[in-house]
Each structure stands twice: as C-alpha cells, then as structure tokens.
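A.B. asks: Need the 3D shape of this:
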Amino acid sequence: MTPYGSAVEQTQAHLEQSERLNPRLNALIAIRRDQAIAQAQEADRIASRGESMGVLHGMTVSVKDNIDIAGEPTTAGAEFLRDNLAARDATVVQRLRQAGAILVSKANMAELAFGSRSYSAVGGQCRNPWNDRNIPGGSSGGSAVSVAADMCTGSLGTDTGGSVRLPSCYNGVSGLRPTLGRIPNTGVVPVSEHYDTVGPIARSVYDVARLFSVLAGYDAADGVSVDRPVPNFLPHLHAGIQGRRIGLPSNHYFEALGPGVGEAVLAGARILEQAGAVLVDIHVPLAGEAHLHQSRAVFSDICHQFDDTLTNRPESITASVVERMRHGLAVTGVQYAEALAFRNRYRVMLREIYSQVDIVLSPTAPQTAPLIDDGANLLEATKASTRNTYAGSVGALPGLSVPCGFDAQGLPIGMQLEAAWWQEDLLFQAGIAFQRETDHHLRRSPLLS
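C.D. replies: Take a look at the predicted model:
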C-alpha cells in the first residue's frame with residue numbers, strides 16, 4: 001500500500017472523476033489513462049515488497065500544458081504549438097517520476113500563460129467548480145480546478161505574476177509560488193525569464209510541501225536556477241508558529257476589497273494569532289508601484305519570447321491574447337530599464353520589511369472569482385486581481401495561498417502568506433498550523449456530487 005492506499009484504486013477513482021467532470025469544467029486537455037494505470041500498478045508492486053519509490057509514492061498529479069512530458073504535445077494552449085512534441089521530460093517532471101508520483105493528466109491553462117480566464121485555443125474555456133459561470137483564475141486554471149474537482153491530489157502550475165496563487169485562491173485549494181530560482185524551469189514554455197517559476201498546488205499545505213520538497217533544487221541547465229541547498233524541512237512541518245511575527249500591511253494590500261474578503265482574511269490572521277503568532281502592523285513602501293513596473297517587464301518579455309509568431313503569424317494566436325501582447329510592444333527601452341531598476345530597489349526595501357517580521361499576510365486576491373462573460377471588464381478585473389500577487393513576484397518572494405473562507409455567493413477566498421527568500425518552510429508551518437484549526441481546504445463544491 002502507498003501512503004494513499006492502493007495506487008491503482010486511487011488513480012482509477014481520479015481518472016473516473018476526470019472523465020465525468022471534464023466535459024463540464026474543461027480543466028484537462030489530455031487524460032493519461034493507460035500511462036497512469038501502468039504507473040500505479042508499478043507503484044503497488046513496489047509497495048507490496050515493502051519498498052517506496054519516494055516522498056510522492058502513489059500521489060496522482062496533473063501537469064500544466066506548458067510543462068514538457070516526453071513524447072506528448074506541449075501546447076501552452078496555443079494553436080501554433082499544437083504539434084510541439086516534447087523530446088524529453090521537464091526537470092520537474094523527471095523529479096515527480098523519481099519520487100513516485102503518477103502523472104494522470106495535462107491541465108488546461110490560459111493561452112501562452114497570459115491571462116486570468118484560463119481560456120485557450122487548444123483547451124477552450126476552463127470553468128470554476130464552485131460556479132461554472134465564474135473564471136477559475138489564470139494562468140494555471142486547469143491545474144487548480146483539477147485539484148479542487150478531485151481529479152488528482154496535486155498539480156504543477158507556473159506563476160509569473162500570480163498564476164499559481166490566484167487559481168488556488170479562486171478554487172479553494174492551496175498553492176505555492178516559490179522563491180525565484182528554487183524550482184527549475186527547464187522544459188517549461190516561458191513567459192518571462194525574469195519572473196517565471198513552477199509551483200505546486202494541492203488541497204492541503206502538507207501536500208504542497210511534499211511536492212515542493214521533490215521539485216526544489218538546482219538545475220545547471222536553467223540559467224535562473226540558484227545553486228543553494230534545500231534544507232530537510234519535512235520533519236519540522238508541524239513545528240507550529242509560536243512567536244513568529246506576522247505583518248499586516250496598513251497600505252495597498254487590504255484596499256479595494258470585495259464583500260467578505262477582508263473579514264475572512266483577518267479572521268484567518270486571528271486564528272494564527274491564537275496558534276501563537278504575534279500580529280504586527282506594517283507599512284510596505286512602493287507596493288502600489290509594483291504592478292505597473294512588472295506589467296511593463298512581463299508584457300515586453302512575452303513579446304520577445306514569441307516575436308516571430310506575433311510578427312509573422314498573429315492570426316495563430318487568439319485575438320484577445322494578441323491584443324494584450326501588443327501592450328508589450330508599446331513599452332519603451334527606458335520604461336523597461338525603469339522596471340528592472342524598480343525591481344532592485346523594491347527588493348532592498350523588502351530586506352527591511354523582513355528584518356521586522358517573519359511573514360506578511362494579506363488577501364491573495366482583493367475579490368472572489370469574476371464571471372467568465374464579464375468580457376468588457378475582464379482586462380481591468382485581471383489587473384485588479386493581481387495587485388497583491390504582482391507585489392510578491394517583483395520581490396521574487398515565496399508566497400503561499402491558503403483557503404480562508406467563502407463569500408455570500410459561496411465562492412472561495414484566499415489568504416496569502418509571504419516570507420523572505422528561501423523561507424518556504426516558514427510558510428508551510430504557518431499554513432499547516434492554520435489548516436489544523438480550519439476545514440476550508442477540505443470543502444467540496446456541490447457541483448462535484
């Protein structure tokens with residue numbers, strides 16, 4: 001038996017759930033039934049000998065469709081990449097296999113990982129399982145939905161400005177953006193090499209931590225990867241947060257909130273205080289400027305990544321994506337240089353913040369998931385939703401989104417925890433302490449029954 005019971009039985013259950021719900025939710029672009037069952041059978045054979053394949057033995061995982069699985073298409077949701085067969089596994093996929101994970105599916109996403117709706121030419125419109133009229137967030141929408149809809153235990157997404165944290169927030173699951181350079185991007189279709197990172201998603205912070213323990217580590221083939229040892233934090237996940245200082249920002253992060261969001265997040269802060277943390281009021285200078293500068297950098301970077309297609313075959317990219325990309329063409333060299341200079345200045349400021357506190361707590365998103373058909377307002381809604389996540393991305397900080405409640409319409413609310421660089425273990429300890437006292441992450445949408 002694996003830590004999850006029979007790997008075959010669990011895998012079969014997740015495959016059946018995927019086949020039952022995917023026509024409605026559109027979370028997956030490919031279900032790997034035969035390969036997954038074969039992996040599960042091997043996992044059970046090894047377990048029957050009293051052996052283990054690794055930390056993730058028997059865990060079912062979906063993989064966002066901008067991450068390579070050898071011999072299968074990596075489309076990033078784009079029509080012009082539909083036949084882009086991967087020659088080898090991405091480094092993170094290699095590490096999943098080596099740790100015993102079972103790869104059950106490829107997840108739908110926002111086309112080119114550039115948007116919050118998680119619509120793509122290849123996968124169509126992914127839908128939120130809490131209300132299928134609402135967006136799942138992006139760009140890792142299919143990854144978060146596959147976890148929330150019990151199609152798998154964990155998933156790999158990618159995060160440039162919030163693309164793991166926002167879908168996790170909107171779908172009521174837990175998701176981590178690690179410190180930039182902690183998890184390698186080798187074999188991942190890029191948006192911005194200055195900000196991209198792979199990140200794990202699962203219901204529980206405990207499973208997010210287990211995924212991270214396998215994914216993290218240096219890869220010489222990735223120019224952004226940092227050669228820094230990963231501590232053995234798994235034995236200390238339940239250490240608690242006694243005496244940890246948690247900062248509540250007095251500016252930016254708690255502004256322009258939707259109904260119920262601030263109340264749910266502050267209630268979450270009080271639960272952490274009851275668990276032994278010390279709440280501290282803080283001010284985060286420059287936070288309000290982060291979105292402008294990162295937007296300029298990221299929009300410019302994606303134009304660089306897909307310059308040939310955008311210039312010579314723009315019709316092969318969905319029109320709304322082209323429209324957003326063209327904002328990047330308008331960024332001047334001076335503005336791009338200003339964005340990079342701001343990034344460095346911002347990170348210096350963050351050193352001062354994290355000399356005062358261990359964790360900064362805020363809403364992941366200011367509002368719950370908007371409606372899919374809110375087309376005229378979607379660009380503004382996307383900008384509004386990423387105001388808190390972009391601030392962390394500019395800083396290259398690790399950030400964890402944890403479910404902390406629901407609004408009056410029954411849509412999930414997320415609480416974001418950020419720590420200093422390389423301090424993911426603190427986030428896991430805080431998230432696990434919170435989930436020990438709450439059950440938000442265990443709730444299922446009525447749509448799943």
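A.B. asks: what sits against Q367?
C.D. replies: Applying CB atoms under 8 Å, 6 or more residues apart in numbering to Q367 gives the contacts L257, G258, V261, A381, A384, S385. The way it works is simple: take the backbone N, C-alpha and C, and place the C-beta from them, glycine included.
A.B. asks: number of nearby residues for the residue lying closest to F212 once chain neighbours are set aside?
C.D. replies: Take F212 and drop its neighbours on the chain: the residue closest to it by CB to CB, 6 or more residues apart in numbering is P200, 5.5 Å away. For P200, the count of nearby residues is 31 (other CB atoms under 10 Å).
A.B. asks: which stretch of helix or strand covers P200?
C.D. replies: strand 197-202 (DSSP states H and E).
A.B. asks: Can you tell me which of the contacts of Q367 comes closest to G138?
C.D. replies: For the contacts of Q367, the closest approach to G138 (CB to CB) belongs to S385, at 9.5 Å.
A.B. asks: Identify the nearest residue to Q39 in space, disregarding sequence-adjacent positions?
C.D. replies: Closest to Q39 by CB to CB, 6+ apart is I102, at 4.5 Å.
A.B. asks: Could you do V63 as well?
C.D. replies: L156 (5.0 Å).
A.B. asks: Could you look up the SS state of that neighbour?
C.D. replies: strand (DSSP: H, G, I helix; E, B strand; the rest coil).
A.B. asks: Now for Q335, how many residues are close by?
C.D. replies: Neighbours of Q335 (other CB under 10 Å): 14.
A.B. asks: so which strand or helix has it?
C.D. replies: With DSSP H and E as the criterion, the answer for Q335 is helix 333-356.
A.B. asks: How about that helix, which residues are buried there?
C.D. replies: Y336, E338, A339, F342, R343, Y346, L350, I353, Y354 (16 or more other CB atoms under 10 Å).
A.B. asks: ok, now stretch 6-20?
C.D. replies: For stretch 6-20, by 16+ other CB under 10 Å, it's S6, A7, V8, Q10, T11, H14, L15, Q17, S18.
A.B. asks: likewise stretch 234-242?
C.D. replies: Those would be L237, G240, I241, for stretch 234-242 by 16+ other CB under 10 Å.
A.B. asks: Test my guess that the first one contacts A430.
C.D. replies: No - the pair L237 / A430 is not scored as a contact, 10.6 Å apart, by CB atoms under 8 Å.
A.B. asks: before we move on, the earlier item: so can I have JSON lines of the buried residues of stretch 234-242 showing distance to S401?
C.D. replies: JSON lines is the format used below for the buried residues of stretch 234-242 (distance: CB to CB, whole Å):
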{"residue": "L237", "distance to S401": "18"}
{"residue": "G240", "distance to S401": "21"}
{"residue": "I241", "distance to S401": "17"}
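A.B. asks: if I look at G276, how far off is D132?
C.D. replies: When distance is defined by CB to CB, to the nearest Å, G276 is 40 Å away from D132.
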